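what would the 3D arrangement of this be:
(4 chains, ligands or ions: 8)
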Amino acid sequence: MARVGIESWPVLRQLTGTDRLGRGEAARSKRTDALVARTEQADRVVSSVCPYCAVGCGQKVYVKDEKVIQIEGDPESPISRGRLCPKGSASKQLVTSPGRQTTVLYRRPYGTEWEPLALDDAMDMIADRVIEARRQGWEDTSGGKPVRRTMGIASLGGATLDNEENYLIKKFWSALGAIQIENQARI
Amino acid sequence: MENSLYGPLANVAEDAGYTDPPARAGFFTDTSVCIGCKACEVACKEWNAIPDDGFALTGMSYDNTGALGASTWRHVAFIEQTAPREVGDSAGSTRWLMASDVCKHCTHAACLDVCPTGALFRTEFSTVVVQQDICNGCAYCVSACPYGVIDRREDDGRAWKCTMCYDRLGDGMEPACAKACPTDSIQYGPLDELRARAQERLGDLHREGVAEARLYGEDENDGVGGTGALFLLLDEPEAYGLPPDPVVTTRDLPAMWKWAGGAALALAGGVAASFLGRR
Amino acid sequence: MPSEAVGGGRGGKAGREERMVPRAEFRSYYGRPVLKKPRWKAPHMPGYLYLGGLSGAASTMGALADATGRRRLALTGKLTAVAAAAAGSGLLVAELGRPERFLHMLRVFKPTSPMSVGSWVLAAHGGLTGASAASAVTGIAPWLGRAAGAASAVTGPVLATYTGVLIADTAVPAWHEAYRHLPLLFAGSALASAGSAGMIGTPRGEAGPARRMALLGAGLELTVAGALERGAGMREEAELVSEPYRTGRASALLKSGRWLTAAGAAATLSAGRSRTAAVAAGVALTGGALCTRFGVFYAGIASAEDPKYTVVPQRARLTAS
Amino acid sequence: MAECHPVGFQWVMEAKARGAKVFHIDPRFTRTSAVAHRHVPVRAGSDIVLLGALVNHVLSGGHDFRDYVLNYTNAAAIINEDFKDTEDLDGLFSGYDPEKREYNPTTWGYDSASEEPASGRRDESSRAPDLSAGDLSHEHGPGATYEATPSQTGRAPYRDDTLEHPRCVYQVLKRHFARYTPELVEDVCGISPADFGEIAEAIVANSGRERTTAFVYSVGWTQHTVGAQYIRTASILQLLLGNIGRPGGGILALRGHASIQGSTDIPTLYNLLPGYLPMPYAHEHEDLDTYLERAAGDTGFWGNKRAYMVSLLKAWWGDAATEDNDFCFDYLPRLTGDHGTYQTVLDQIAGKVKGYFLMGENPAVGSAGGRMQRQGLASVDWLVVRDLNLIESATFWKDSPEIASGETTAEEIGTEVFFLPAASHVEKGGTFTNTQRLLQWHHKALEPPADARSDLWFMYHLGLRIRERLSGSADPIDRPVLDLTWDYPEEGPQRDPSAAAVLKEINGYDADGNTLSGFTALKDDGTTACGCWIYSGSYADDVNQTARRKPGAEQSWVAPEWGWAWPANRRILYNRASADPEGRPWSDRKAYVWWDGEQWTGHDVPDFEKKKPPSYVPPPDAKAQDAIGGADPFIMQTDGKGWLFVPKGLVDGPLPAHYEPHESPVDNPLYGQQTNPVRQVFPRKGNRYNPVGGEVFPYAFTTYRLTEHHTAGGMSRFLPYLSELQPEMFCEVSPALAAERGLVNGGWATIITARTAIEARVLVTDRIRPLRIRGRTVHQIGLPYHWGSAGIVRGDSANDLLPIVLDANTHIQESKAATCDIRPGRRPQGAALPALVRRYRRIAGIPED
Ligand SMILES: Nc1nc2c(c(=O)[nH]1)N[C@H]1C(S)=C(S)[C@@H](COP(=O)(O)OP(=O)(O)OC[C@H]3O[C@@H](n4cnc5c(=O)[nH]c(N)nc54)[C@H](O)[C@@H]3O)O[C@H]1N2
Ligand SMILES: Nc1nc2c(c(=O)[nH]1)N[C@H]1C(S)=C(S)[C@@H](COP(=O)(O)OP(=O)(O)OC[C@H]3O[C@@H](n4cnc5c(=O)[nH]c(N)nc54)[C@H](O)[C@@H]3O)O[C@H]1N2
Ligand code: SF4
Ligand code: SF4
Ligand code: SF4
Ligand code: SF4
Ligand code: SF4
Ligand SMILES: [Mo]
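Ligands and ions are numbered 1, 2, ... in the order given. Purely as a prediction, here's the structure:
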């Protein structure tokens, strides 16, 4: 349908074509003629699951140039049949929102502002602190009974995480002897 | 041209110059199964990358969007109704009506007719769409729409409204809002099928005793030649903020031109008459 | 409370059985307007309505003055016509959300769109009045100038009256239902303002036709405005639909317009040989024409903003059928 | 359900379209009510009375599904002679110790004809709740039915199949619920006898061979000091009506987050190990054998607990775990009481907790007692927050309400805070387990931005660093860390550990490294490793079963080839109950699984041993599943029966009894005992309680969610598209209350409790009804709880109003029912705010310190 030069002037198309009133065919712009759904241009489409609630609606994630360009319901899911609620429908914004914090921030004790911190440094600092807090809170026994645990470290969260993540959390914290491992199931 | 302005129109896309167009695409919004989740609003925004519409509580039940507009192409209305309470009647008397409104993609679309640039155009699916590369923001469409649908976004200067996801339709996908709708309150498809389905649903509801159920926009003989987006409502249209009997303004356009012609002649005649005198 | 009770506009609890008084009782969604408020602004839109009328009638006046050998009146008419057309175009462009896309107006020609028709007419009219005025001022190609002027006597009346269609061809009840009135009103107004331009810009000797135009125009304007305000000749719920012309800002403007026009007309009649009086009369008439345009504009805004103007006539129509 | 599980609700609408009748019982008229046939407003906190009256209706009218009840429940079991009911003790069961505020449940057991119940001995060794396999039900959910219930007895209890023995469960129930009458429902719940009658009739008419009724609940039933017993009452009703294990029946827990079910199955919970094995409690001498003996019964599928536990220990400690060292059972830390999240907060304030990790939770807004929560955060030495957005729990030191009121300043808060950005669900692969126990793999679509990393990456790399630092340590406390299997294959530019490899470990493998086909393949001799026995089979045949996505339209309505459900891909638990004792479907309409003469078959994977005939009678001394008869569907129970009466496992009684919420506007008309006697209370500064009744806090309030927001707001208040839909914190009040207190729609109100005061915009609505309770008008106020001090839209947090008071079974806070005062206008700012609350406390006679 590509038209060039004067031929692309809709008035001419009105006069020569089937759309005398210039309300449809003749009024189309080049951009309109070239329009395609952006999902068509995705480099890949990945099957996913809505991250909000426990219904577990199926999602299709469209990626182009390493950016998420669309997330919508997966019609093949027998759970959701392609539908999503407002939260599920906002998933793309959850992932791509400019307000999302994507760098490490550090607040020193009694500090009044955030400071930047390298991820690697943060990991080292956290590792050091875990080891120290673990020892500080260590109990070989409690009330005369062996407990082999630390009360110095606690952890909260899990309902938004993957099973695999919860598994590593529980596994590693338990090996460290931390018991105050909790998540949303308690609230 | 008469038929192009008013009354039933067998093939809307053909009337707009398309040869052998696909079936007319439409919406049937069955508000009796709407749960007011607003997935349609959000899905529309995500797909069309529409900016937010401000963050203010309206105090109008759970509706904080208020109305359709340049940055809200689906709008869910919430209407709380309480009948006079009877003794011992606990709750049956409270109704909470929810309805997702959208551009009607009118058979005779005033917005389109008045658009001076051809930015608004009729697609091969018989829908009405703004071409954003064309619109110069004259805002004529805004005043022409009898449903108060289309509006100009002031920071951007152009007019915006539902496109019935023209880009998706072209690729054989259904509109984002219809796809998201959890309860299928929004159904998308060939308009003829939807009309039939709407009649069927209406019959079912009437048989179930929901006497107040009615269709809106399905009548080809109405003021806009029937809409491309039908609704099943549980109360009068105006309760939902819809005009009860809208008429496309261009129905009267021939008459208007006649009157204007007359006035022009009068003006010319008046001037001429004024030159008839001595001085 | 967030319920229909408050939403029912003036209607209050609009239970069906309670709706005895037809006009006060109507239902709406939290009293919100059904229509979008026109995005057109003042002074742009009413100014354009005025300038279009002025230019249209002035070009016709200029052409006829030319034909009848009234040089000064012809020049006044031509200059007024081109200046008003240019200024009107300016306002129109300024009104656009994307002014740089003004030329998109000439992308299509849509008989269904008064603005499209108007744009083509304005373009033609602007060109014609420009050519004709340029020729008149410079003396270059007088024949062509005259022809252009004559042609602008055709585009002029169209330009002056199509604006009535422009705003009537909307969903705004006060405008739409006035589609018979508005072209005539604007024709009258245009006559009056072009006439007053002639009176102001031309020595008394040559300004006879201008005075008559002004008087004729004023008469027409006053008559039609009166009908409009009363809703005479409107089809449905005339009293309610015309209400915005009788209330609020619109009413004040229309009233002022009427007084100014009447005063201007009276002054025209009684001005005698005084140039000052003629100028004063012309200014009053112009002011009247401007007020009328602003009044009509604001009546439309008010009509779109209150859902009753949309809902009540439509509901009445349904009940009747 | 329409509000919080909108897409799941499509199936309710589908059922409705096919003729199902939908009742919505909720204090508020919600989006669900809008499309339900009937909305019945109930006073928050009173459902046990309603459900109890329904039980009474069924029992007294003889409406129970007798064939089901007799065969599949413990209705015929005879209860211990020493058992005393609330009837006898004015609201207490036998065994209550007022000093310790706990029950000794010994008297709640069956009257066993022959042997002393194994459980009796156990009880002497420690207090019951510690021994029970952790807590019966967490937030809510199917996991609860899988938790190891302590062994009752391997022997069948003494039964009376006529159900006439005065001490048989059936008769005990009958007596217990006799006082739960429609009149009481009206008095306590505010539900008229006519409405009650309609519900009762509908439920009875819609249950039996041909029809089933489902109950759907979520946290409106759990967040009470009697939450577990709410569910119990519904269970009794559903068992009596024969609605469990059958299609269209059940008690469906609509769980919360995307993987809340998963985080209970593979628990980041203090009291559980993966697969509902209990965390060990501290005992003087406890080896693996004694632990297992205490953990669960020997009969039923829990009889294989040794295989589950040994495989878990092998998964964790690999080669280091041997038969000789009890498979490193000693490496597990031991519990000594409640270490739940609220206890941890109190410990933080007490200075006992040094470091705190928040990985996807926002307690500063989401947890009850917001002030206490933030005080806890301000009391630890360091805090690591991993989240997508800068939530209040990360920024409390600069923007908390306490900073705003001037009670504290950033300069006074010593917490060192690390904010680590998390990868989103599209930036990592892994499984979520949804509310129907379905594991679904979500594929990684792209790399996370900038410093964002998955929590898997974080734990793995933190683990590597810690192990590196400890390597070479001779300290025995470091052995469990160093011996841990922690060698996952790495992938991609960020060295992400392979989530598939982790899932394989969870699924389990044999000595040769082959993935296991399911939990029945687990061995107790250390030759298999399995990270979570109920998830075994999710990676069967070396195929990621959770990633299966056969289109729903291309398979049966049960859709067994979409994802993978635990256990063993079964979609309805205990579905053997969908067939009669002989193995025939109860009716054609309701056929689901059945015995075809040779094996169990049907639409779903039978939740029964495939080849065990209905006629199977267990031999004496049979163990594990062999001890379950061919007509006993509840295979996780020691006796294979559905428990109408719970002899073991609950800390607040074997039967549900109505107690008022901790903060209630009225007294308890049923018993002298006003509240659940074993609820957990923490009276202290910052957590003062409103007195019962009284004029100072005369109104009831409940907290809830909106469709447009998500929980504590971290995933919604930071998004424009969701924020604009509900931009401000509000309260919902009835027109009557609005008139009484001068509240105006769209205006402001201040809501006050003994904890603090918050402000909210007012929505005056008929959707909230005042109720007539105990002869007086009780106004309820509705408060969504999504707002906080950060995000695009901000507002006061409802949780700041709530006290910390917990259900003793689950340690869940009571956030659905409390009392308050409300007045028009915005709340005071700055120091005037605490002053206002102090004034209220003084007038109400509440101690300050
Ligand atoms: N849109 C949205 N969906 C969500 C969430 C969200 O935040 N937003 N959160 C997810 C999470 S984490 C969860 S846990 C679930 C929770 O899902 P729901 O439990 O449905 O959520 P709530 O709104 O907290 O509470 C439900 C209802 O319980 C009512 N209620 C309160 N007390 C009582 C009572 O005593 N008896 C009865 N019968 N009803 C009572 C309340 O009025 C409320 O309407 O939702 C999940 N889905
Ligand atoms: N008053 C009152 N209080 C309640 C309730 C109530 O009904 N009333 N309900 C309670 C219930 S049921 C619940 S579940 C809680 C919820 O309370 P919270 O769990 O504290 O609230 P969320 O906002 O869901 O917090 C989850 C956080 O995880 C982050 N997140 C999402 N995905 C990931 C990820 O992959 N990794 C990491 N690290 N972070 C991620 C989100 O951004 C979000 O900030 O609230 C409880 N509190
Ligand atoms: S789309 Fe909505 S209903 Fe579905 S999982 Fe996501 S939050 Fe839950
Ligand atoms: S998505 Fe569907 S159910 Fe939800 S508000 Fe829109 S129309 Fe109603
Ligand atoms: S509803 Fe309005 S905007 Fe939509 S097509 Fe009709 S006239 Fe145009
Ligand atoms: S604003 Fe744009 S779409 Fe509307 S009429 Fe003008 S040019 Fe057409
Ligand atoms: S059809 Fe597309 S553009 Fe129109 S409302 Fe639906 S999602 Fe928005
Ligand atoms: Mo939750």
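
spell out which parts of chain A neighbour ligand 2.
The interface of chain A toward ligand 2, taken as CB under 6 Å from any ligand atom, is made up of A:51, A:159, A:160, A:161, A:184, A:187. Bear in mind the C-beta positions are built from the backbone N, C-alpha and C, glycine included.

who wins on neighbours among these?
Within these, most neighbours by other CB atoms under 10 Å in any protein chain shown means residue A:161, with 34 neighbours.

for the residues of chain A next to ligand 2, which one is nearest residue A:148?
In terms of CB to CB, no member of those lies closer to residue A:148 than residue A:161, at 26.4 Å.

pLDDT value on residue C:5, please?
Model confidence at residue C:5, given as pLDDT, is 36.

for the spatially most central residue of chain A, give me its contacts.
The residue lying closest to the centre of chain A (CA atoms, centre = their mean) is residue A:95, at 3.9 Å. Residue A:95 is in contact with A:68, A:71, D:424, D:425, D:426, D:427, counting by CB atoms under 8 Å, 6 or more residues apart in numbering or on different chains.

looking at those, which are in strands?
Among those, the ones falling in strands (DSSP state E) are A:68, A:71.

in TSV, list the contacts of residue A:95 along with pLDDT and distance to residue C:38.
Below are the contacts of residue A:95 laid out as TSV (pLDDT from 0 to 100; distance: CB to CB, whole Å):
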residue	pLDDT	distance to residue C:38
A:68	98	40
A:71	98	38
D:424	98	44
D:425	98	46
D:426	98	44
D:427	98	47
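
any chance of the contacts of residue A:95 in a markdown table, with neighbour count and distance to residue D:586 too?
Below are those laid out as a markdown table (neighbours: other CB atoms under 10 Å in any protein chain shown; distance: CB to CB, whole Å):
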| residue | neighbour count | distance to residue D:586 |
| --- | --- | --- |
| A:68 | 22 | 49 |
| A:71 | 28 | 43 |
| D:424 | 24 | 46 |
| D:425 | 31 | 41 |
| D:426 | 26 | 44 |
| D:427 | 20 | 48 |
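
how near is the residue nearest to the centre of chain A to residue C:165?
Residue A:95 sits 50 Å away from residue C:165, going by CB to CB, to the nearest Å.

what helix or strand does residue C:58 sit in?
Take DSSP states H and E as the rule and residue C:58 turns out to sit in helix C:44-67.

quick one: that helix near ligand 6?
No - Helix C:44-67 lies apart from ligand 6 when judged by CB under 6 Å from any ligand atom; the minimum separation is 13.4 Å.

report the two of the contacts of residue A:95 separated the most.
Spatial extent of the contacts of residue A:95 (CB to CB) is set by the pair A:71 and D:427 at 12.3 Å.

returning to that earlier point: quick one: the residue nearest to the centre of chain A from residue D:423, how far?
The spacing between residue A:95 and residue D:423, counted by CB to CB, is 10 Å.

is stretch C:205-216 anywhere near chain B?
Yes - counting by CB under 8 Å from any CB of the partner chain, contacts between stretch C:205-216 and chain B involve C:205, C:206, C:208, C:209, C:210, C:212, C:213, C:216.

tell me the buried residues in that stretch?
Judged by neighbour count using 16 or more other CB atoms under 10 Å in any protein chain shown, the buried positions of stretch C:205-216 are C:206, C:207, C:208, C:209, C:210, C:211, C:212, C:213, C:214, C:215, C:216.

so which of these are in helices?
Residues of the buried residues of stretch C:205-216 located in helices (DSSP state H): C:208, C:209, C:210, C:211, C:212, C:213, C:214, C:215, C:216.

which members of the contacts of residue A:95 additionally contact chain C?
Filtering the contacts of residue A:95 for proximity to chain C by CB under 8 Å from any CB leaves nothing.

can I get the contacts of residue A:95 in CSV with distance to ligand 4?
Shown next, in CSV, are those (distance: CB to the nearest ligand atom, whole Å):
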residue, distance to ligand 4
A:68, 22
A:71, 16
D:424, 24
D:425, 22
D:426, 23
D:427, 27
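
identify, from the contacts of residue A:95, the entry nearest to chain C.
Chain C lies nearest to residue A:68 out of the contacts of residue A:95, by CB to the nearest CB, at 30.5 Å.

bridged to that closest one, which residues?
Residue A:68 has these beta-bridge partners by DSSP bridges: residue A:63.

helix or strand: which one has the residue in the stretch 1-150 of chain B that ligand 1 sits nearest to?
Nearest residue of the stretch 1-150 of chain B to ligand 1, counting by CB to the nearest ligand atom: residue B:37, 8.2 Å away. Residue B:37 is part of no helix or strand, with elements assigned from DSSP H and E.

got the contact list for it?
A:85, A:86, B:182, D:2, D:6, D:31, D:707.

and stretch D:423-440, how far apart are its ends?
Using CA to CA, to the nearest Å, the end-to-end distance of stretch D:423-440 comes to 18 Å.

what is the longest strand anywhere in chain A packed up against?
The longest strand of chain A (DSSP E) is strand A:145-156. On a contact count with 3 or more CB pairs under 8 Å, 6 or more residues apart in numbering or on different chains; DSSP states H and E, strand A:145-156 meets helix A:119-136, strand A:138-142, helix A:163-176, strand A:178-182, helix D:341-349, strand D:355-359.

reformat the ones you listed as JSON lines; add mean neighbour count and distance to residue C:48.
Shown next, in JSON lines, are the helices and strands packed on strand A:145-156 (neighbours: other CB atoms under 10 Å in any protein chain shown; distance: least, CB to CB, whole Å):
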{"stretch": "helix A:119-136", "mean neighbour count": "18", "distance to residue C:48": "61"}
{"stretch": "strand A:138-142", "mean neighbour count": "15", "distance to residue C:48": "83"}
{"stretch": "helix A:163-176", "mean neighbour count": "28", "distance to residue C:48": "64"}
{"stretch": "strand A:178-182", "mean neighbour count": "27", "distance to residue C:48": "69"}
{"stretch": "helix D:341-349", "mean neighbour count": "24", "distance to residue C:48": "67"}
{"stretch": "strand D:355-359", "mean neighbour count": "25", "distance to residue C:48": "61"}
